[in-house]
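Chemist: what follows is a predicted protein model with its sequence.
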Amino acid sequence: MAITIDKHGHLADPDRLKPRMLTEVFTGPLNCENTGDIEAATAAAAWLLDREPTTGFNGFEFDVPETARLFKGLTALPPAEAGARVTALYQAARKCRATTGLLTRSAW
């Protein structure tokens, strides 16, 4: 993950640090090959932060409608089910398994 330092030696965008770090947690280790779903990772990070994803939220400076759809889907679920889906996404990412679809199907 790249960070930007401002002219005073501080983080240029400190509000983005938590979302970016959490998003990367859900994409898996660097040695994983294309198993991470960035839209799902960003939606899961937003759900954990209780913060709707917006343009630039995931640090890539663009808005992805799929991320917003996944986030809204998580927030519409009972908290236990949403948490189980986010946990399933995290566990799959850690094991370099495909994460696509994990936020949209039941974790039970």
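Modeler: Ah, there it is.
Chemist: end to end, how far does stretch 23-40 reach?
Modeler: With C-alpha to C-alpha, to the nearest Å applied, stretch 23-40 spans 9 Å between its terminal residues.
Chemist: for the protein, what spans make up the helices?
Modeler: With DSSP state H, the ranges of helices along the chain come out as 14-25, 38-49, 65-76, 79-94.
Chemist: just the buried positions in the second one, please.
Modeler: Under the neighbour-count criterion of 16 or more other C-beta atoms under 10 Å, helix 38-49 has 38, 39, 40, 41, 42, 43, 44, 45, 46, 47, 48 buried. (Glycine included, C-beta is placed from N, CA and C.)
Chemist: before we move on, the earlier item: worst average pLDDT in the helices of the chain?
Modeler: Comparing mean pLDDT across those, the weakest is helix 14-25, with a mean of 82.
Chemist: could you dump the helices of the chain to TSV with distance to residue 32?
Modeler: Rendered in TSV, the data for these read as follows (distance: least, C-beta to C-beta, whole Å):
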stretch	distance to residue 32
helix 14-25	11
helix 38-49	12
helix 65-76	20
helix 79-94	7
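Chemist: name the stretch among these that sits most buried.
Modeler: Sort these by mean neighbour count, taking mean count of other C-beta atoms under 10 Å, and helix 38-49 sits at the top with a mean of 24.
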